[in-house]
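1. below is the sequence, then the predicted model.
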Amino acid sequence: MPNPEIRIEELTSTEDLRQCVAIQRATWGWKDEDLLPLRTLLLLNKIGGLVLGALDRNGQVVGFINAFPGFREGQVYLHSQMLGVLQDFRRRGIGRALKLAQRTEAIRRGIQRIEWTFDPLEIHNAHFNLEGLGTLCRRYVADAYGPSTSSLHGRLPTDRLVAEWHLVSQRVRTRIESGAHGPEDPLPATSSAVHLPADIADIRVRDPARAAAIQRDFKRRVTDLLGKGYCIAGFESASPPGEVSYRLVPFQPQVLTS
Ligand SMILES: CC(C)(COP(=O)(O)OP(=O)(O)OC[C@H]1O[C@@H](n2cnc3c(N)ncnc32)[C@H](O)[C@@H]1OP(=O)(O)O)[C@@H](O)C(=O)NCCC(=O)NCCS
């Protein structure tokens with residue numbers, strides 16, 4: 001844990017979980033109908049889900065991550081839903097520590113996969129998910145949640161990529177340990193790239209119509225490649241300058257297990 005003043009714990013008390021509801025409001029600016037309510041947060045830890053919190057030295061929850069138990073391809077997995085860290089505590093390694101603690105607890109329970117969705121236009125999250133954690137994506141879900149009330153999402157359709165985190169794969173271990181492509185990475189070299197403007201976050205605010213066109217074009221190009229058996233396996237910043245790139249390679253099943 002990079003920050004000695006923060007500790008990561010499983011949250012089970014009503015008071016701690018109530019703070020998670022407050023963090024949802026502060027982080028996403030959602031209306032009440034989009035919040036995960038206290039009752040569900042309380043239920044999660046009782047049904048094989050997981051709520052982990054980052055607590056400061058006063059015991060205040062400053063970030064949290066939650067997951068539901070799921071069942072896919074004959075195996076139990078966790079669907080991670082929200083990861084939020086209060087603004088004043090960001091960029092200190094807390095988000096990463098919450099993700100790694102979630103992985104550790106899942107492995108302890110015998111679970112080998114965690115999935116979550118993310119907005120491909122949120123390029124910092126994309127970098128974190130693909131390069132920092134070693135996830136890969138094989139599915140694109142158009143307008144996954146319908147119109148969002150979050151101030152973070154603007155008015156675009158809530159298109160999402162599904163990040164698959166194969167917890168004990170060599171690919172994930174390499175990324176977590178080195179944060180880079182290691183020699184053991186079983187995916188082949190870059191085969192194809194889909195670009196986005198590096199300033200897509202500003203475009204979303206300044207020119208929503210252009211952002212919508214960029215989103216549609218991204219969806220078309222990515223879903224075409226995913227449909228041909230590619231998966232998203234990497235993310236490159238400033239490559240070429242002014243752009244960021246999703247790296248797609250032909251999917252190979254051994255990457256999930258080796
Ligand atoms: C995403 C979020 C949880 C990250 O929390 P955090 O404590 O700041 O994360 P960390 O300090 O551990 O950084 C993790 C990675 O996030 C990425 N990142 C997040 N925000 C970033 C930013 N503004 N600029 C650059 N990188 C950023 C980086 O890749 C970083 O990895 P690195 O340190 O190896 O470069 C936090 O920014 C947040 O709550 N955002 C709003 C909600 C959200 O988008 N949640 C994720 C989708 S549900």
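-> In hand now; what should we look at?

2. could you give the mean pLDDT of stretch 113-126?
-> Stretch 113-126 comes out with an average pLDDT of 97.

3. so for stretch 155-169, what gets flagged as buried?
-> Within stretch 155-169, the residues that count as buried by 16 or more other CB atoms under 10 Å are 156-167, 169. In short, each C-beta sits where N, CA and C put it, glycine included.

4. put the alpha carbons of that stretch into CSV.
-> C-alpha atoms of stretch 155-169 as CSV (Å, rounded to 0.1, in the frame of the first residue of the first chain):
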residue,chain,number,x,y,z
ARG,A,155,-25.3,13.3,-22.6
LEU,A,156,-23.7,10.6,-24.8
PRO,A,157,-25.1,7.1,-24.9
THR,A,158,-23.5,5.0,-22.1
ASP,A,159,-21.4,2.8,-24.3
ARG,A,160,-19.1,0.6,-22.4
LEU,A,161,-16.3,-1.9,-22.9
VAL,A,162,-16.3,-5.0,-20.6
ALA,A,163,-12.9,-5.4,-18.9
GLU,A,164,-12.0,-9.0,-18.1
TRP,A,165,-9.5,-9.5,-15.4
HIS,A,166,-8.2,-13.0,-15.4
LEU,A,167,-6.7,-12.8,-12.0
VAL,A,168,-4.0,-15.5,-12.0
SER,A,169,-3.0,-15.3,-15.7
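
5. wait, does that stretch contact the ligand?
-> No - under the criterion of CB under 6 Å from any ligand atom, stretch 155-169 makes no contact with the ligand; the nearest approach is 9.8 Å.

6. alongside the ligand, which residues does the stretch 51-200 of the chain contribute?
-> 82-85, 90-96, 118, 124-125, 127-128, 132.

7. tell me which of those residues fall in strands.
-> 82-85, 118 (DSSP state E).

8. count the residues that sit near the residue of the stretch 51-200 of the chain found nearest the ligand.
-> Here the stretch 51-200 of the chain gets closest to the ligand at one residue, residue 95, 2.5 Å apart by CB to the nearest ligand atom. Neighbour count for residue 95, taken as other CB atoms under 10 Å: 20.

9. now swap in the one 3 residues further on and tell me
-> The burial metric for residue 98, expressed as a neighbour count using other CB under 10 Å, is 23.

10. from memory it sits against residue 7, does it?
-> No - with contact defined as CB atoms under 8 Å, residue 98 does not count as touching residue 7 (11.3 Å).

11. where does the stretch 1-150 of the chain have low pLDDT?
-> 1-2 (pLDDT under 70).
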